[in-house]
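K.L.:
missing the sequence, but the structure's below:
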Ligand SMILES: [Zn+2]
């Protein structure tokens with residue numbers, strides 16, 4: 001019997017300078033608290049995942065390929081990206097085993113979020129078997145969004161160190177990949 005657990009990781013947007021509602025003091029405290037530890041992750045793929053770009057998703061395959069390279073350099077294997085002309089899982093609230101699906105946001109998606117990744121795992125072994133990345137129409141234009149979401153697809157949690165790729169707030173993140181290299185066990 002297979003039990004799946006869904007993790008929904010909401011990625012908070014770059015509010016820009018105009019609508020910043022962030023309590024800076026709290027954020028700074030959070031950063032100090034997390035400085036002494038490494039990014040954490042939950043689960044690992046049991047197979048090499050294939051990345052699919054669902055029909056109608058406003059992102060180019062070269063953009064996705066570049067994002068994949070960031071993780072490939074960190075030791076993660078992926079196949080693709082593949083742009084199918086039709087895939088039923090793209091048009092339903094569904095996942096595809098062995099796949100990382102990139103699709104335009106669904107209806108339940110909060111508009112203030114840039115993107116959302118659902119990662120599917122077996123609860124006993126923590127093996128990741130699928131991931132679905134939903135993005136806003138404007139999100140691909142922002143740098144790092146796809147890279148960050150692929151990180152969630154590989155099980156990484158948020159890590160709120162300034163300029164880190166997995167920072168929960170896009171505006172405070174960056175290209176720092178400290179602690180993200182795949183560990184060979
Ligand atoms: Zn995130």
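P.N.:
Ah, there it is. This is a predicted model, so every value here is computed, not measured. Numbers count the residues shown, from 1 in each chain.
K.L.:
Please go through this structure and pick out the longest helix.
P.N.:
helix 61-73 (DSSP state H).
K.L.:
Any buried residues in that one, and which?
P.N.:
Neighbour counts over helix 61-73 (16 or more other C-beta atoms under 10 Å) mark 63, 64, 67, 68, 70, 71 as buried. For the C-beta atoms, the positions are set from N, CA and C on the backbone; glycine is no exception.
K.L.:
OK, contacts around the third one?
P.N.:
For residue 67, the contact set (C-beta atoms under 8 Å, 6 or more residues apart in numbering) comprises 146, 147, 150.
K.L.:
and if you look at the second one?
P.N.:
With contacts defined as C-beta under 8 Å, 6+ apart, the neighbours of residue 64 are 51, 53, 80, 81, 102, 146.
K.L.:
quick one: it and the ion, what's the gap?
P.N.:
Counting by C-beta to the ion, to the nearest Å, the separation of residue 64 from the ion is 17 Å.
K.L.:
again with the last one
P.N.:
Taking C-beta to the ion as the measure, residue 71 and the ion are separated by 14 Å.
K.L.:
Same question for the first one.
P.N.:
From residue 63 over to the ion the distance is 18 Å, taken as C-beta to the ion.
K.L.:
quick revisit: could you tell me which of the contacts of residue 67 belong to strands?
P.N.:
Within the contacts of residue 67, no residue falls in strands by DSSP state E.
K.L.:
Let me see the contact set for the residue nearest the centre of the chain.
P.N.:
In the chain, the centroid-proximal residue (C-alpha atoms, centre = their mean) is residue 149; its distance is 1.6 Å. Going by C-beta under 8 Å, 6+ apart, residue 149 touches 11, 102, 115, 117, 133, 135.
K.L.:
And those residues, which is the shakiest by pLDDT?
P.N.:
Across the contacts of residue 149, the smallest pLDDT goes to residue 11, namely 51.
K.L.:
Next SSE downstream of the worst-scoring helix or strand of the chain on mean pLDDT?
P.N.:
Lowest by mean pLDDT, DSSP states H and E among the helices and strands of the chain is helix 24-34, with a mean of 38. Using DSSP states H and E, the next helix or strand after helix 24-34 towards the C-terminus is strand 44-45.
K.L.:
which other helices and strands contact that following strand?
P.N.:
strand 127-135 (3 or more C-beta pairs under 8 Å, 6 or more residues apart in numbering; DSSP states H and E).
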